[in-house]
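1. after the sequence you'll find the predicted model.
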Amino acid sequence: MALYLGVMSGTSLDGLDIALIEQHTQPRLLACLYIPMPPSLRSDLLSLCTSGVDELARASLAENQWVELAAQGIQRLLAEQKLDAADIRAIGSHGQTVRHEPLRGFTVQIGNPALLAELTGITVIGDFRRRDVAAGGQGAPLVPAFHQSLFSDLGQPRAVLNVGGFSNLSLLHADGSVSGFDCGPGNVLLDAWIGRQRGDAFDADGDWAASGTLDGALLDRLLANEFFQARGPKSTGRELFNLPWLEGHLAQHPAVAAADVQRTLLELTALSIVDSLRAAQPHTHELLVCGGGAHNQALMQRLEQLLPGTTVASTEAYGVSPDWVEAMAFAWLAHCCLERIPGNRPEVTGARGLRVLGAIYPA
């Protein structure tokens, strides 16, 4: 049995998740640590999602700060668990996505794996997405293979939904195979809108959205985006769905109350998930939800209402906290890289075939 660490910061940019797993037949979560993202670093990383002045230097400085934060967290977690660097076989570090444009042939995750290896004294596996893109794939989502290893139930069609900044589905088919794709905005627009209107980082339990009224005309305009009409493989990011995109639509609907916008954005998240699931796997027995969206009670209730024949539950029901699934996934992908096990699934990303993902930075 080997120990791995996974480090993940997602498109919500709220903080870093660090998971310690034991890899045997299946990965098992041993410990975890969350580190809030410092506001100045969050601002710097957000600014890198669009072109700007001196962005190469700004990206290099920001990624070094990200690594220093990750290294501090790793050292703290190891100390809490009474472990040394030598006890860890490798760190799987996703880094922070600042650009994702696979149709133009690139995706960028900054996170300086060389510096992380230097600061921790542990082998680091990073740069997981670019090999899939090089093979013609979307480079995302990468978690379906991990979901398959944890949650596949032969004989029952099941799906795993991750709702972070964006939402993605892993479709676990009755025959044991897997497919999947990004569905669209998860929390990214909800967080941006409540931040703009109320100064809050997120809509706790979806309470503000629940206080509003759905605006059907606005929802129809948002859903008219061609991304929602496309079938997988597909992936998306802040390049497409962002606050200026929303505000452009709101300019056509100037009378919509702020809370009603939030309610409509919640419906956009829910419907884009449900429509995708119905089209790709209509008789899904169970939908397991992970990511921050699993804590949004208004969203979970709406998914249940829209999927009356499907059991909707948090991954917690299977002993895996919804907050740590992605960090666990990148620890597992580090294991796959070292063992030369393919980590992508062509049915998910559209790559030309199975590929071993990640670049190795020895301790």
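-> Here it is on my side, so go on.

2. kindly state the pLDDT recorded for the most far-flung residue of the chain relative to its centre?
-> Ranking residues of the chain by C-alpha distance from their mean position (Cα atoms, centre = their mean) puts A255 at the top, at 33.2 Å. According to the prediction, A255 has pLDDT 87.

3. that one belongs to a strand?
-> No: read with DSSP: H, G, I helix; E, B strand; the rest coil, A255 is coil and lies in no strand.

4. state the distance from it to G350.
-> Computed as Cβ to Cβ, to the nearest Å, the A255 to G350 distance reads 41 Å. For glycine as for every other residue, the C-beta is placed from the backbone atoms N, C-alpha and C.

5. could you do A86 as well?
-> Distance from A86 to G350, by Cβ to Cβ: 40 Å.

6. okay, these two: which has more neighbours?
-> Neighbours per residue, other Cβ atoms under 10 Å: of A86 and G350, the larger number sits with G350, 20 against 9.

7. which residues in the stretch 101-250 of the chain form helices?
-> 113-120, 130-134, 144-151, 188-198, 207-211, 216-223, 226-229, 243-250 (DSSP state H, counting those that start in this stretch).

8. cross-check the contact I'm expecting between L354 and N344.
-> Yes: L354 is within contact range of N344, at 6.5 Å (criterion: Cβ atoms under 8 Å).

9. could I get the full set of strands for the stretch 201-350 of the chain?
-> 286-290, 311-314 (DSSP state E, counting those that start in this stretch).

10. okay if I get those strands as a markdown table plus mean pLDDT?
-> As requested, those are exported to a markdown table (pLDDT from 0 to 100):
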| stretch | mean pLDDT |
| --- | --- |
| strand 286-290 | 96 |
| strand 311-314 | 96 |
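
11. highest mean neighbour count out of those strands?
-> Of the strands of the stretch 201-350 of the chain, the one with the most neighbours on average (mean count of other Cβ atoms under 10 Å) is strand 286-290, at a mean of 24.

12. from the contact counts, what lies against that one?
-> Applying 3 or more Cβ pairs under 8 Å, 6 or more residues apart in numbering; DSSP states H and E, we find strand 286-290 packed against strand 158-163, helix 297-306, strand 311-314.

13. what's next to that strand, contact-wise?
-> Under the criterion Cβ atoms under 8 Å, 6 or more residues apart in numbering, residues 151, 153, 156, 158-163, 277, 300, 303, 307, 310-315, 317-318, 320, 322-323, 325-326 lie in contact with strand 286-290.

14. again, only this time at 6 Å
-> Residues from elsewhere that reach strand 286-290 (Cβ atoms under 6 Å, 6 or more residues apart in numbering): R158, A159, V160, L161, N162, T310, T311, V312, S314, T315, P322, V325.
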